[in-house]
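> Curious how this folds, go ahead:
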Amino acid sequence: MVVTVLTPTYNRRDKIKVLYDSLCCQTSKNFEWLIVDDGSNDNTQGLIEQLQFKSDFPIRYIYKNNGGKHTALNEGIRTIKNELTFIVDSDDFLTSDAIASILDIHRRYKNRSNLCGYAFLRSFPDGQINGMKFKKNEEIISYIEARINRNDTNADKAEVFFTRCLKEFPFPEYPGEKFLGEDLVWIRMARKYKMVHVNKAIYVGNYIEDGLTTNRRKHNIASPIGCMHRAEEFIKPDIRMKYRIKGGLQYIVYGKFAGYSIGKLIKKTKFRGVVTVCALPGMIIYQKWKKDTVIYKSACR
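Residues are numbered from 1 along each chain as shown. You can find the predicted model right below:
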């Protein structure tokens, strides 16, 4: 077996069956499905036990206390022994040739030590590509260059990683915080490894109303330390300047939500020039977001 499809889930019993059905339709069954349940209370476990009984591919299930998607990913990755890990959210699904397409690329590139994995395209349920295609099919380039500096792909893609690289770069966990942008790790990994970028859609998804992407700012504000550290990755000099400025603004905003003073935030970073330039506009954004957050909480009472 070569591929583990890793699915972190939280209260998605009513949606995860669609992903299961797409796995049943795979033209290659050279994979296992690993579900890490991040503290669901909707009896997701009962459904998975039913699927395990009738499935023609291996299904593993891990339950853990609720800690956020990134902690569920860490929990699952620690147990994976297959060469490749494909993270697929519980409310999305795969094309019927997804695993076969991954294996085809892997046969040709698996021995290259400078790679951490493969980036494929995502599509919406109507078949439209999410964002744009990569500039060149099967180009070997880093995540930073392809997805940030060029800014020619936009939107989410379908990343399949060498499991050894995910084990080398685990998601940082911060006490009391349940959200972390996954690209923090993808950027760190990109400073050592490249990826093969494939212009083929193998992943189908949408952004649901109560999903992490839709509610990103709210989750960010509730997890400011991790978001501050993510922003620091964007401030570094191998990132295009406009994204360094954006990172500097986010570093100030989330640092303030974490309780740091401007002086402390400037002192803490190695990139004081960018952060200093961003200090005043960052404070303005922080004050606005803080006000908006208070308004949102009041409206929800």
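> For the rest of this, base every contact and every neighbour count on C-alpha atoms.
OK.
> centre of the chain versus the lengthiest strand in the chain, how much separation?
When the chain is parsed with DSSP state E, its longest strand is strand 194-204. Between the centre of strand 194-204 and the centre of its host chain there is 15 Å, according to Cα atoms, centre = their mean, to the nearest Å.
> Okay, helices next: where are they in this protein?
For the chain, the helices defined by DSSP state H cover 16-24, 44-54, 69-77, 98-109, 143, 163-168, 183-190, 216-222, 224-235, 241-257, 262-268, 272-299.
> mind putting those in JSON lines, mean pLDDT, mean neighbour count and distance to residue 86 included?
Below are those laid out as JSON lines (pLDDT from 0 to 100; neighbours: other Cα atoms under 10 Å; distance: least, Cα to Cα, whole Å):
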{"stretch": "helix 16-24", "mean pLDDT": "97", "mean neighbour count": "18", "distance to residue 86": "12"}
{"stretch": "helix 44-54", "mean pLDDT": "97", "mean neighbour count": "14", "distance to residue 86": "19"}
{"stretch": "helix 69-77", "mean pLDDT": "98", "mean neighbour count": "22", "distance to residue 86": "10"}
{"stretch": "helix 98-109", "mean pLDDT": "98", "mean neighbour count": "16", "distance to residue 86": "9"}
{"stretch": "helix 143", "mean pLDDT": "96", "mean neighbour count": "23", "distance to residue 86": "16"}
{"stretch": "helix 163-168", "mean pLDDT": "98", "mean neighbour count": "17", "distance to residue 86": "9"}
{"stretch": "helix 183-190", "mean pLDDT": "97", "mean neighbour count": "18", "distance to residue 86": "14"}
{"stretch": "helix 216-222", "mean pLDDT": "90", "mean neighbour count": "17", "distance to residue 86": "22"}
{"stretch": "helix 224-235", "mean pLDDT": "97", "mean neighbour count": "24", "distance to residue 86": "22"}
{"stretch": "helix 241-257", "mean pLDDT": "97", "mean neighbour count": "23", "distance to residue 86": "27"}
{"stretch": "helix 262-268", "mean pLDDT": "95", "mean neighbour count": "15", "distance to residue 86": "35"}
{"stretch": "helix 272-299", "mean pLDDT": "84", "mean neighbour count": "15", "distance to residue 86": "35"}
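> Relative to residue 3, which of these is closest?
helix 98-109 (7.7 Å; Cα to Cα).
> can you list contacts of the longest strand of the chain?
Defining contact as Cα atoms under 8 Å, 6 or more residues apart in numbering, one finds that strand 194-204 is touched by 92-95, 97-98, 101, 114-125, 129, 133-134, 136-143, 158.
> Repeat that for stretch 164-173.
Outside stretch 164-173, the residues that touch it by Cα under 8 Å, 6+ apart are 70-71, 73-74, 77-78, 83, 116, 182, 185, 188-189, 226.
> any idea which of those residues is closest to residue 46?
Using Cα to Cα, these come closest to residue 46 at residue 73, 21.0 Å.
> ok, now how distant is the closest one from residue 25?
25 Å (Cα to Cα, to the nearest Å).
> that older thread, grab the CA positions of the longest strand of the chain and hand them over as PDB.
Output of strand 194-204 as PDB, limited to C-alpha atoms (Å, rounded to 0.1, in the frame of the first residue of the first chain):
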ATOM      1  CA  LYS A 194      10.100  21.400  -3.900                       C
ATOM      2  CA  MET A 195       6.800  19.800  -5.300                       C
ATOM      3  CA  VAL A 196       5.700  18.500  -8.700                       C
ATOM      4  CA  HIS A 197       2.800  20.700  -9.800                       C
ATOM      5  CA  VAL A 198       0.200  18.700 -11.900                       C
ATOM      6  CA  ASN A 199      -2.600  20.300 -13.900                       C
ATOM      7  CA  LYS A 200      -5.100  17.700 -13.200                       C
ATOM      8  CA  ALA A 201      -8.100  18.000 -10.800                       C
ATOM      9  CA  ILE A 202      -8.500  15.100  -8.500                       C
ATOM     10  CA  TYR A 203     -10.200  16.800  -5.500                       C
ATOM     11  CA  VAL A 204     -13.800  18.200  -5.500                       C
END
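> Neighbouring strands - and their directions - for it?
According to DSSP bridges, strand 194-204 forms sheet pairs with strand 93-94 (antiparallel), strand 115-123 (parallel), strand 139-141 (antiparallel).
> Quick check: which of the ones you listed is nearest to residue 206?
Each of those has some distance to residue 206 by Cα to Cα; the shortest is strand 115-123, at 8.4 Å.
> thinking again about what came up before, angle of the longest strand of the chain against helix 98-109?
For strand 194-204 against helix 98-109, the angle by axes from the mean of the first three to the mean of the last three Cα atoms, to 10 degrees is 170 degrees.
> Direction-wise, compare strand 194-204 with helix 16-24 and give the angle.
Interaxial angle, strand 194-204 versus helix 16-24 (the same axes, to 10 degrees): 110 degrees.
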